[in-house]
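# have a look at this fold, sequence not included:
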């Protein structure tokens, strides 16, 4: 998926006023997601993204790997996830969660299904709920 297409989809899904806001949201989510994932997995995700999005993920993955040898990524839940996105995107936490769900939906469409599955398994349940694949599984199981 091309960068312009991704940003346009994020803008539409999150009902954002302009492309600049959508781009800030996408980069904030990509960077924060990369901090949470094991650095090797974050790099695999980045490899399937357009250069701008990939750069944000790789930068965070490299910093994370330097801190924890790339094993597990930083440990934080949904509240910290939303807080980091809000700071980076210049918004509040509720808006950050809405934007994160939109970005995760676009990532789900852009990534190979097995990579999305690996990403889902690497995230804690509260953040995993933002992924469409996780929501679909939970709904089919009656959660």
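Okay, I see it. Please read all numbers here as calculations on a predicted model, not as lab measurements.

# for residue 59, give its distance to residue 79.
Going from residue 59 to residue 79 by CB to CB, to the nearest Å gives 23 Å. Just so you know, the C-beta spots here come from the backbone N, C-alpha and C atoms, and that holds for glycine as well.

# ok, the two, which is more surrounded?
For residue 59 versus residue 79, neighbours defined as other CB atoms under 10 Å are more numerous around residue 59 (14 against 11).

# helices and strands of this structure: which one bottoms out on pLDDT?
helix 132-140 (a mean of 53; mean pLDDT, DSSP states H and E).

# what ranges do the helices span in this protein?
Taking DSSP state H, the helices of the chain run over residues 3-14, 19-36, 39-47, 51-68, 78-89, 93-110, 113-122, 125-128, 132-140.

# got the buried residues for the first one?
Residues of helix 3-14 classed as buried under the neighbour-count rule (16 or more other CB atoms under 10 Å) are 6, 7, 9, 10, 11, 13, 14.

# one more: the shortest one?
Of the residues in helix 125-128, those buried under the neighbour-count criterion (16+ other CB under 10 Å) are 127, 128.

# for it, packing partners?
Contact here means 3 or more CB pairs under 8 Å, 6 or more residues apart in numbering; DSSP states H and E; on that basis helix 125-128 packs against helix 78-89.

# identify all contacting residues around the helix it packs on.
In this structure, residues lying in contact with helix 78-89 by CB atoms under 8 Å, 6 or more residues apart in numbering are 21, 24-25, 27-29, 31-32, 35-36, 76, 91-97, 99-100, 124, 126-127, 129.

# check the offset of it from the chain's centre.
Mean C-alpha position of helix 78-89 versus that of the full chain (CA atoms, centre = their mean, to the nearest Å) differs by 11 Å.

# residue numbering should commence at 58 henceforth.
Taking 58 as the first residue, the last one we looked at is helix 135-146.

# now do it, average pLDDT.
Over the span of helix 135-146, the pLDDT mean works out to 98.

# repeat for stretch 85-100
Taken as a whole, stretch 85-100 has a mean pLDDT of 94.
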